[in-house]
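Student: I would like to see how this sequence folds:
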Amino acid sequence: MQTQTKSRKMADNSAHNDSAPTLETLQHHNEFINRHIGPGDDQIKSMLSDIGIKSLNALIEKSVPASILTKNPLSLPEPMSENAALEKLKIIAAKNKNFRSFIGLGYYDTYTPNVISRNVLENPGWYTAYTPYQPEISQGRLECLLNFQQMTLDLTAMDLANASLLDEATAAAEAMALAKRVSKNRSATKFFIHKETFPQTIDVLKTRADCFGFELVIGDIEDIRANELFGALFQYPSMQGDCLDLTDIISDLHANNAIAVVVADLLSLTLIKPPGEMGADVVTGSTQRFGVPMGYGGPHAAYFATKDEYKRAVPGRIIGVSVDVRGKQAFRMALQTREQHIRREKANSNICTAQVLLANIAALYSMYHGADGIKKIATRIHRLTEILAAGLKKLGVTVINDNFFDTISVRVNSEQGKLIAERAASHSVNLRLDQLTEKRIIGVSLDECTTKEHINSLWEILIGEESKLLSVSSIDSEIYRGNIAPVIPNYLIRKSKFLRHPVFNKYHSETEMMRYIKRLENKDISLTHAMIPLGSCTMKLNAAAEMIPISWPEFSKPHPFVPLNQMPGYQQIIYELEDMLKQITGFDAISMQPNSGAQGEFAGLLAIKKYFENKGAGNRNICLIPTSAHGTNPASAQMIGMRVVLVACDEKGNIDINSLREKANIHKNDLAALMITYPSTHGVYEDTVKDICEIVHDNGGQVYMDGANLNAQVGIAKPAEIGADVSHVNLHKTFCIPHGGGGPGMGPIGVKKHLAPYLAGHSVVEISERHENTAVSAAPWGSCGILPISWMYIVMMGGKGLLKATQIAILNANYIAQQLAPHYPVLYTGKNGMVAHECIIDIRPIKQSSGISEEDIAKRLMDFGFHAPTMSFPVAGTLMIEPTESESLQEIDRFIDAMIKIRQEIAQVESGAIDIENNPLKRAPHTMDDIIDENWGRPYSKTEASYPMGNQIDNKYWPSVNRIDNVYGDRNLFCACPLVESYEN
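Tutor: Sure thing, here's the model as predicted:
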């Protein structure tokens, strides 16, 4: 191949400087920049020479419109070395006060089993993988996600579950939207919420309901008027801790065609009657307490379960069982795999990802402990809560719960409340005091990490000196002997079995769990194997130094609702990261609350909506969206209550400015926003972007810039200067938070000052001056536990490192485009024939001449050890390639060689030298099953099939299954763990 030897030669020609170094040149300031950016200086020079450009500055001048280049270079501190940055962050982390929190409200301390922490949470083989759109190279995490779904089904007693959502509050909002879609009470617009639902969940429900035009009825059970409702939601157990049998209430709702949603504590369902057995239509909640640290709010995986009849209305992703071409069992994403791209504004939800890494941790936690272990943990928590409550009652404290699992609420007078708050502070303990002033109620929630010593401390806090009269062991004996009656009535005790599938009963020793995790990991391609050149996904390096702090207890342990004065370290990280993002984007204010890119879109459009409503222009509800837009854009717009009007693109892939001008003029009285991506989803810098923004502003609208491609702007342009009023920032793309196999992510938004008053607030924790605004996510600063990753990246790169990263990302993409252009048509180019940070190659002419499709090429790349580029987005029949700045010339050349070799194989099909169906592309990927098959019967050798480059012997990746039958999977939908016999077969 023409590129095969170049990178090897470059490796032998490293520059030497014979002059004596100075002390300053020997410092480590730039150490990380050179670690993060793949190509060395000589490789950069070589690539520049190959594309006919003299320098990186000249590359930017040739690629990027002069009109958008910033005149304000990044004003960030000098880059720090890895060790210096970690030392600085450790000092900041130490400022957080390590109080013991018994606040509850959906967040609980938990133990992450070390075997899972070390081998999954801290393992790049798990956290650097992408969403499993290519299932043949994703079987490990797909199997684990199927286990997650089975765990959810077993514990909730429901029919079907998805593979996780973003958090409990937004999952509840998705359940409300599903209820409206499927309820037969078509004319109803009211949705009931039991007043004992967690406040942050009510907060998010208010936000969504306002956008949808729903009327919320928040009240007591007796306030339900089922005939007026399309649905109702209940917290189980309630915020105060009560467990209520909802069977009769749900029956009444069903008699009136309303949908019943239960937000349930998953761990409690090991002891109390599951909502599915009460007739619930949707059961949702958080899996955080299944081994996932609180992390000051996240990330955590929500679960979502429903009845089989509603499967077509489920938000998010569902993992299903199918077969490959050999009939071998295989897993894949089913039904809504690319829902937003297909259904766009008609999608069930704008959620295009999940919390895969956290869902897998929760699933493995349940497998490691098994049914008996999980129930033992729950029983111990419940027993400690019984002991706590019994001791309080003995000394005259009023416990208002009739029954409980892990939470009790006590009534106090104002003087008692003040003393209790003071004693709690002196003991470094946090209680739920949010209702202390209003209702004179204090809440206490226990968890897996609670000890007998904690019970003694809580007694002392709640009672004072008299607590010395109480003994944990003596009250425990009374409960054991039956002298103290059980608090859970018999009709609420769970009788049904759960977690009986073999996967929950085979891996209870650390040795077996370690090997199981490794077996799953070995089935998947991640960044530990090869570059993942997915366009619009920015699969760059997630450096070890960035990842280390997320496991520090100072960052992983805090409850999101502790008083702000206990978290000065976290607050410093948040404020510094906000300031960095302001500098990078040019915006005036940042909201950290959105915990995914799609959530960022929703939050940004919500700010625009509220802005117009405040101006008395609530009629402005038209959202212009280019036909090339990411599918979440129209889905987010419809969730806000906006009407989508599409804008055409021209033959060069740019927004058709005449079409835009026409649509903006037609809707000038009702225009709310234009949603654009820059550089465009076609991988080019549009020259007219400032004109586009001006047209929208002249017609009274606002400009929303999708931040998916910010990696091509950092340091050279700023969205706010281009003309955007709001933009979300994908921290999981541009700023190195790993994709986790399909989550977590973070999508903070930046806004200009006129939109700042409309950023998300929070009902539990006051955020600046936004306390009157409702929330978009459960936690005030979203998935705060992963913010140190982006902080570390920016601090170690500094302004000059970030600029260089952008330059190299553009260089790598243009190098690939020029190297592949003689073999594959590059569909779109911008200024001077250049692309931005990604390029699209057109497979449609190849398919016409050979029958080989973009899917065939994607599957064949697996035989070369690569994950495919993005298939058929934004243009059907294409591949979009984004190499990022982190890939070296060696790896890029290896990918180019693979693509050229594939084109040569296609040429053999075109010439008739090889059969149009029985060829290495149509039958890819090739597995070990193929190689050991004695009935080979193919017109190409086994070596050509599995070792197409002939040099993969030492580092060969083997897909664990052959090409998967998607049609079979959807026609025979099965979304739970298969019977054990199928594993044996």
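Student: which parts of the stretch 251-400 of the chain are strands?
Tutor: 259-264, 282-286, 302-306, 318-323, 329-334, 398-399 (DSSP state E, counting those that start in this stretch).
Student: same question for the stretch 601-750 of the chain.
Tutor: Going by DSSP E, counting those that start in this stretch, the stretch 601-750 of the chain shows strands at 622-626, 643-647, 671-677, 702-706, 726-728, 749-751.
Student: stretch 182-198 spans what distance, first to last residue?
Tutor: 25 Å (C-alpha to C-alpha, to the nearest Å).
Student: for that stretch, buried residues please.
Tutor: By neighbour count with 16 or more other C-beta atoms under 10 Å, stretch 182-198 contains the buried residues 182-183, 185, 188, 190-198. Quick note: C-beta positions are derived from backbone N, CA and C, even for glycine.
Student: looking at those, spot the one nearest M928.
Tutor: Nearest to M928, judged by C-beta to C-beta, of the buried residues of stretch 182-198 is V182 at 44.4 Å.
Student: surely that closest one meets Y310?
Tutor: Yes - with contact defined as C-beta atoms under 8 Å, V182 reaches Y310; the gap is 5.2 Å.
Student: between the two, which contacts overlap?
Tutor: D281 (C-beta atoms under 8 Å, 6 or more residues apart in numbering).
Student: circling back: so of the strands of the stretch 251-400 of the chain, which one's packed in deepest?
Tutor: Highest mean neighbour count of those: strand 282-286, a mean of 30 (counted as mean count of other C-beta atoms under 10 Å).
Student: okay, that one in CSV with CA atoms only?
Tutor: Below are the C-alpha coordinates for strand 282-286, written out as CSV (Å, rounded to 0.1, in the frame of the first residue of the first chain):
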residue,chain,number,x,y,z
VAL,A,282,-44.6,2.0,33.9
VAL,A,283,-42.1,1.6,36.7
THR,A,284,-39.0,3.8,36.7
GLY,A,285,-36.3,5.0,39.0
SER,A,286,-32.6,5.0,39.7
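Student: so how far is it from its chain's centroid?
Tutor: Distance of strand 282-286 from the chain centroid (C-alpha atoms, centre = their mean, to the nearest Å) equals 18 Å.
Student: now do the helices in the stretch 51-200 of the chain.
Tutor: Taking DSSP state H, counting those that start in this stretch to define them, one finds helices in the stretch 51-200 of the chain at 56-63, 82-93, 114-116, 124-127, 139-156, 168-182, 199-212.
Student: right, and these - which one's nearest T538?
Tutor: For T538, the closest of the helices of the stretch 51-200 of the chain is helix 124-127, at 15.2 Å, according to C-beta to C-beta.
Student: quick one: list the elements packing against that closest one.
Tutor: Contacting helix 124-127 under the criterion 3 or more C-beta pairs under 8 Å, 6 or more residues apart in numbering; DSSP states H and E are the following elements: helix 356-394, helix 544-547.
Student: let's see that with 10 Å instead.
Tutor: For helix 124-127, the packing partners by 3 or more C-beta pairs under 10 Å, 6 or more residues apart in numbering; DSSP states H and E come out as helix 139-156, helix 356-394, helix 510-522, helix 544-547.
Student: quick one: distance of the second one to the chain centre.
Tutor: Going back to what we said before, that points to helix 356-394. 26 Å.
Student: how many neighbours does R225 have?
Tutor: 12 (other C-beta atoms under 10 Å).
Student: quick check: pLDDT value at it.
Tutor: At R225, the model reports a pLDDT of 95.
Student: which ones are touching the residue nearest to E838 when sequence neighbours are not counted?
Tutor: Once flanking residues are discounted, E838 sits nearest to E882: 3.8 Å by C-beta to C-beta, 6 or more residues apart in numbering. The contact partners of E882, by C-beta atoms under 10 Å, 6 or more residues apart in numbering, come to 531-540, 683, 709, 711-712, 733, 809, 812-813, 816, 836-839, 869-870.
Student: low-confidence ranges in the stretch 751-900 of the chain?
Tutor: 770-771 (pLDDT under 70).
Student: repeat that with 80
Tutor: For the stretch 751-900 of the chain, residues meeting the criterion pLDDT under 80 lie at 768-772.
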